[in-house]
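**Student:** Could you work out the structure for the sequence below:
(chains A and B)
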Amino acid sequence: MSPKTGGNKIKSVSYAKWGYIFIAPFFIVFIIFQLIPLISTFYNSFFENYRVGLQQIGPNFVGFNNYAAIITDGELPKFALNTIVIWIVGFIPQILVAMLLAVWFTSYRLKLKCQPFFKTVIYMPNLIMASAFAMLFFMLFSPVGPINQMLTLWGVMDEPILFFDTTLTTRGIIGFMNFLMWFGNTTILLMAGIMGIDQSLFESAQIDGAKPLQVFFRVTLPLLMPILVYVLITALIGGIQMFDVPQVLTKALGTPDRTSMTLIMYLNRLLTSKDYGLSGAVSVMIFIVTAILSVFVYKSLMRNNKMPKEKGLVQKKAKVKTFKDDAQCEEVQA
Amino acid sequence: MRGSISGKRTKVFLTLSRVICYIVLVLLTLLCVFSFYFLLVNASRPHAEIMSEFSLVPGNYFFKNLSTLLADENIPLIRGLLNSLFISACTAALTTYFSAMTAYGIFAYNFKFKRTAFTFIMLIMMVPTQVSALGFVQLVTKMGMMDTFYPLILPSIAAPIVFYYMKSYMESVLPLEIVEAARVDGSNEFKTFNRIVLPIIKPAIAVQAIFSFVTSWNNYFTPSLIINSANNKTIPILIYQLRSADYMKFDLGQVYIMIFVAIIPLLIIYIFLSKYIIRGLTLGSVKG
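**Tutor:** Prediction:
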């Protein structure tokens, strides 16, 4: 105990310094391992600094030349487009299937059985080591893998399909793996969102004779919007970080013809070849995009945190969130 | 009369919808497990069989494959497992303890920059660590920590997502009166945190320990930039090593068993803990 607390001045004791002490480790570690590296990444992006064979070029200050280089040589736009295309291939089925499952699992009409089992199974791929999962898919879809063996055995195909030699199938497999790894997670998030909606709204919609589809589009979907936006933005940020799966599947080459090379694979390639100027510029570009997206995540999370400070109805709403089983409060909201 | 017909119709409709639901769910289940089933089948067959024929029945070559892999000096599997285990366990311990500490600092105390600190952590929450990888590698080089485990463990002390989860959890379960009561009893602030707060938020710590363990166990990007020597390699690096070598030269049974070792132990742990993991998933996220 600090000496201040002695005597009879207990009321005026300030514990503020303990607040600083408790949050200090976080900020010290953050500054050392993230902020300083980030600043030096920015700094590096303005210098020409790479190796050609044994010869070291730079570091020389070149202003925005590195940025111009990665854009005009078409690499950054190409890899950004790859990343987005592969992300969309995985995200569209992911959000549709997750939405469907979330509605089914929460439906009081369907009352599906074995829910814990299904939830356990669909969430499972999310925890799998992505690099090992990719290696597994590489083996399964290889010319001598079980998928091709199955197709030729059943006479679907005469020759094995070279899945990793065409853009469509390579991107398709990466997208499919992303779908598998993330749809369970999204389902569970959306379920929590649907269960957070006031049940009496569903009941009154049913009494008014609304059909299940009408209930979904007129009640569930609009009220679920905030959480959908959250899912979309976090999935997008996750998509930008796509790395392990295509890296292992294509042996870091982004084959065929670099059509499955993602942004982080590009960054990784520049980092391993010690081109600090260009990798700095790529990092800064990715940082800007993710920072903008982060603001949206921040806003959607802070909606919950700020509510108690505002007045009137909003405050009552916030109360409903904290005391869900308080029936009176729920009526106020409805 | 009419009422009973329409009642019957809704009942038939409901049964039909349920059947469709179950069919879709079973199909999705198959989609989720087929790859692991093939993994099990091929991990237990010899190389020649894997190459020549398709099978849905596991063989009896599992332990033979495993012992061949363990004997392979180019793939230090046991060492890799121990490295991964050590790094992940340390990460889980540090990240949960310090995130809880940070969350408690913001939750329980009033100080001038409290709001600023909170806003700052929330803003950086989603910025991926990859964007500072360049500076990180340079810094780690300067600190002489290349090819060590420190740069893979220490940064986890600052984990905004775990922090946010802990803070949300404290808001829902931790009454400040308890802290006050402890103060009156003469407990110092650290003691209060360690002896009173931590036991109360144990469920949140457990959930986040699992998640951070898994994240660290699966992490490939950072270790691949930091680790060079064979003795320090983690499992994801060994997996990539399999891929980057010419895999056609490998004993495929060995490749499958390697993937098996990387995936299955965690999967089994998950199956036992899934109830807590799935329940814990939604605690820290946004609510509709």
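**Student:** From chain B, how far off is A:Gln206?
**Tutor:** 12 Å (Cβ to the nearest Cβ, to the nearest Å). Placement of C-beta: from N, CA and C, glycine included.
**Student:** That residue against A:Val215, yeah?
**Tutor:** Yes - counting by Cβ atoms under 8 Å, A:Gln206 touches A:Val215, with 7.1 Å between them.
**Student:** More neighbours: these two, which one.
**Tutor:** Here A:Gln206 and A:Val215 are compared on neighbour count by other Cβ atoms under 10 Å in any protein chain shown; more neighbours surround A:Val215, at 19 against 15.
**Student:** contacting residues for that one?
**Tutor:** Neighbour list for A:Val215: A:Phe202, A:Ala205, A:Gln206 [criterion: Cβ atoms under 8 Å, 6 or more residues apart in numbering or on different chains].
**Student:** So the second one: helix, strand or coil?
**Tutor:** What it means is A:Ala205. helix (DSSP: H, G, I helix; E, B strand; the rest coil).
**Student:** Check whether it really touches A:Thr220, as I assumed.
**Tutor:** No - with contact defined as Cβ under 8 Å, A:Ala205 does not reach A:Thr220; the gap is 9.4 Å.
**Student:** And these two? Which one has more around it.
**Tutor:** Taking other Cβ under 10 Å, A:Ala205 and A:Thr220 do not tie; A:Thr220 has more neighbours (22 against 17).
**Student:** Contacts only, for that one.
**Tutor:** Counting by Cβ under 8 Å, 6+ apart, A:Thr220 touches A:Val103, A:Ile194, A:Ile197.
**Student:** try B:Phe38
**Tutor:** By Cβ under 8 Å, 6+ apart, the contact set of B:Phe38 is A:Leu136, A:Leu140, A:Pro146.
**Student:** Check the offset of the host helix or strand of it from the chain's centre.
**Tutor:** Here B:Phe38 sits within helix B:2-43, counting by DSSP states H and E. Relative to the centre of its chain, helix B:2-43 is centred 29 Å away, using Cα atoms, centre = their mean, to the nearest Å.
**Student:** which helices and strands sit right next to the helix or strand just after it?
**Tutor:** Using DSSP H and E, the next helix or strand after helix B:2-43 towards the C-terminus is helix B:47-52. Packing partners of helix B:47-52 (3 or more Cβ pairs under 8 Å, 6 or more residues apart in numbering or on different chains; DSSP states H and E): helix B:252-281.
**Student:** Can you give me the buried ones in the helix it packs on?
**Tutor:** B:252-264, B:266, B:270, B:274, B:277-278, B:280-281 (16 or more other Cβ atoms under 10 Å in any protein chain shown).
**Student:** got it, and stretch A:154-163?
**Tutor:** Under the neighbour-count criterion of 16+ other Cβ under 10 Å, stretch A:154-163 has A:Pro160, A:Ile161, A:Phe163 buried.
**Student:** contact partners of it?
**Tutor:** Contacts to stretch A:154-163, defined as Cβ under 8 Å, 6+ apart, come from residues A:Phe141, A:Ser142, A:Pro143, A:Val144, A:Ile147, A:Asn148, A:Leu151, A:Thr152, A:Thr169, A:Thr170, A:Ile173.
**Student:** one more time with 6 Å, if that's ok
**Tutor:** A:Phe141, A:Pro143, A:Asn148, A:Leu151, A:Thr169 (Cβ atoms under 6 Å, 6 or more residues apart in numbering or on different chains).
**Student:** again, but for stretch A:74-88
**Tutor:** A:Ile70, A:Arg171, A:Ile174, A:Gly175, A:Gly239, A:Met242, A:Met261, A:Thr262, A:Leu263, A:Tyr266.
**Student:** one step back: so which of the contacts of B:Phe38 comes closest to B:Ser187?
**Tutor:** A:Leu136 (51.7 Å; Cβ to Cβ).
**Student:** in a helix, that's where that closest one is, yeah?
**Tutor:** Yes - counting by three-state DSSP, A:Leu136 is part of a helix.
**Student:** Just confirm it contacts B:Val261, I think it does.
**Tutor:** No - using Cβ atoms under 6 Å, A:Leu136 is not in contact with B:Val261, being 12.0 Å away.
**Student:** still on that earlier bit, reformat the buried residues of stretch A:154-163 as a markdown table; add secondary structure and pLDDT.
**Tutor:** A markdown table is the format used below for these (DSSP: H, G, I helix; E, B strand; the rest coil; pLDDT from 0 to 100):
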| residue | secondary structure | pLDDT |
| --- | --- | --- |
| A:Pro160 | coil | 88 |
| A:Ile161 | coil | 90 |
| A:Phe163 | helix | 93 |
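**Student:** Can you add distance to A:Val248 and give those residues back as JSON lines?
**Tutor:** Output for these, formatted as JSON lines (distance: Cβ to Cβ, whole Å):
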{"residue": "A:Pro160", "distance to A:Val248": "21"}
{"residue": "A:Ile161", "distance to A:Val248": "20"}
{"residue": "A:Phe163", "distance to A:Val248": "14"}
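**Student:** That's all I had, so thanks and see you.
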